[in-house]
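Student: Dropping a prediction and its sequence here:
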Amino acid sequence: MKAKIKKCYSAENNDGGTELVWHRHGMAAKRYLAMEIGCDFDEVADFKRRPEFDSYAETEKVPDEVLLSLGWWLTCQKRLCDSWVFEESYKASGNQVICDECNAESLKGEDNAG
Ligand SMILES: [Zn+2]
């Protein structure tokens, strides 16, 4: 029997960010998102289908550069920094999810070391 292909769904989390999930059934996806976000099933905000991400069902992870190219913002991966990272910052830092400020800091560090 051929497995049903998973589809991508999303909901808004408590930080105003977006949670993605891949599931075969919409209702199950919503239940899973409620669990991830930590709210009740009926409280899941902005629950929707994300057909544009269906093709990532196998890894269940959309590459950062894809999200950024679609205009998404990601959180800076530097410790203790929660600034937003845009596509320009990503490119400027050599394809890392690092904000402009942290990138400038790390460049400064390299200068001092050299
Ligand atoms: Zn940062």
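Tutor: Done, it's in.

Student: quick one, strands of this protein?
Tutor: Taking DSSP state E as the test, the strands found in the chain are 7-12, 18-23, 45-49, 74-75, 84-85.

Student: got JSON lines for the ones you listed, with distance to the ion too?
Tutor: Yep, even glycine has a C-beta here, placed from its N, CA and C like the rest. Listed next are the strands of the chain as JSON lines, based on distance: least, Cβ to the ion, whole Å:
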{"stretch": "strand 7-12", "distance to the ion": "23"}
{"stretch": "strand 18-23", "distance to the ion": "20"}
{"stretch": "strand 45-49", "distance to the ion": "26"}
{"stretch": "strand 74-75", "distance to the ion": "9"}
{"stretch": "strand 84-85", "distance to the ion": "7"}
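
Student: So for residue 36, which of those strands sits nearest?
Tutor: Comparison of these against residue 36 by Cβ to Cβ identifies strand 18-23 as nearest, at 5.4 Å.

Student: near the ion, which residues of the protein show up?
Tutor: 76, 78, 81, 83, 99, 102 (Cβ under 5 Å from the ion).

Student: So which of those wins on neighbours?
Tutor: residue 99 (24 neighbours; other Cβ atoms under 10 Å).

Student: tell me the pLDDT at that residue?
Tutor: If you check residue 99, the pLDDT there is 96.

Student: Over to residue 78?
Tutor: Residue 78 is assigned a pLDDT of 94 by the prediction.

Student: What residues does the nearest residue to it once chain neighbours are set aside make contact with?
Tutor: In this structure, residue 78 finds its nearest non-sequential neighbour in residue 102, 4.2 Å apart by Cβ to Cβ, 6 or more residues apart in numbering. Shown in contact with residue 102 (Cβ atoms under 8 Å, 6 or more residues apart in numbering): 76, 78, 81, 83, 93.
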